[in-house]
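> how would this look folded up:
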Amino acid sequence: MSPADKPTSSQPWLHQKSPVVQEFGTVKQFPIALSYEARMYSCQRLNKVLADTQILYGLYKKHHWSMRGATFYQLHLLLDKHAGEQLELVDTIAERVQTLGGVAVGDPRHVAEITSIPRPPDGVEEVPAMLSRLLEAHETILAAAHDAAARTAELGDDGTNDLLVSQVIRTGELQAWFLAEHLVDTPLVRV
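Predicted structure coming up:
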């Protein structure tokens, strides 16, 4: 029976299984004029940044929901804005890994295994501690991104270098600045 002769049905084919067709940590060949070494290195470094960025996104949402005090409204909105920007980075980084022929880390359980960002308490911390936690996560990601950007430039991977510098680093630095200024001890009103 040819596919054209097969009866049509509206029933979904449920519970399908498949063998793994590409293992995590491997790269397939794409005609993008980059060496295997460059693509492999970039995928490994990007997946680490991707895992940490997914955790940072989660921290932003957790702290957005947990804000307290006189600056609640401003920080509630700021943290949600930053979370959205981090979520955009997650997608951009993952797509770069795929473009290089790799497999992007996506399952939250796998992300938790490879992240460098420490787990926060399950409860709510004081606002300065939450902001400090976000700043420390930013610094971890920024240090890794600076290092990876330098090496990807040496390997000729301009696309990954550009992504790391123009999006990951610039977004992270700007967000860190906005957060750090909330930790300056200045009164809201002078007498």
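
> Any stretches of this structure with poor pLDDT?
Judged against pLDDT under 70, the low-scoring parts of the chain cover residues 1-3, 188, 190-191.

> residue ranges for the helices of it, please.
For the chain, helices defined by DSSP state H occupy the ranges 36-66, 72-99, 108-114, 127-154, 158-162, 170-181.

> who does the first one touch, helix- and strand-wise?
This means helix 36-66. Helices and strands in packing contact with helix 36-66 are listed as helix 72-99, helix 108-114, helix 127-154, helix 158-162; criterion 3 or more Cβ pairs under 8 Å, 6 or more residues apart in numbering; DSSP states H and E. Using the backbone N, CA and C atoms, a C-beta is placed for each residue, glycine as well.

> re earlier: between the helices of the chain, which gets nearest to residue 5?
For the helices of the chain, the distance to residue 5 is smallest for helix 72-99, at 36.2 Å, taking Cβ to Cβ.

> okay, the angle between the closest one and helix 36-66?
Between helix 72-99 and helix 36-66, the angle comes out at 160 degrees (axes from the mean of the first three to the mean of the last three Cα atoms, to 10 degrees).

> Look up how far residue 94 lies from the spatially most central residue of the chain.
With distances taken as Cα atoms, centre = their mean, the residue of the chain nearest its centroid is residue 53 (2.6 Å). In this structure, residue 53 and residue 94 are 9 Å apart, going by Cβ to Cβ, to the nearest Å.

> now swap in residue 13 and tell me
Relative to residue 94, residue 13 is positioned 27 Å away (Cβ to Cβ).

> now swap in residue 121 and tell me
According to Cβ to Cβ, residue 121 stands 28 Å off from residue 94.

> what do you get for residue 45?
On the measure of Cβ to Cβ, residue 45 and residue 94 end up 14 Å apart.

> and what of residue 57?
Counting by Cβ to Cβ, the separation of residue 57 from residue 94 is 12 Å.

> cool, and residue 29?
Between residue 29 and residue 94 the computed distance is 20 Å (Cβ to Cβ).

> Which of these two has more residues huddled nearby?
With neighbours defined as other Cβ atoms under 10 Å, residue 29 and residue 94 compare such that residue 94 has more, 20 against 8.

> Next one: that one relative to residue 51, how far apart?
With distances taken as Cβ to Cβ, residue 94 is found 10 Å from residue 51.

> Next, show the common contact partners of the two.
When contacts are counted by Cβ atoms under 8 Å, 6 or more residues apart in numbering, the set common to residue 94 and residue 51 consists of residue 105.

> what about residue 9, how many residues close to it?
Other residues near residue 9 come to 7 when the count uses other Cβ under 10 Å.
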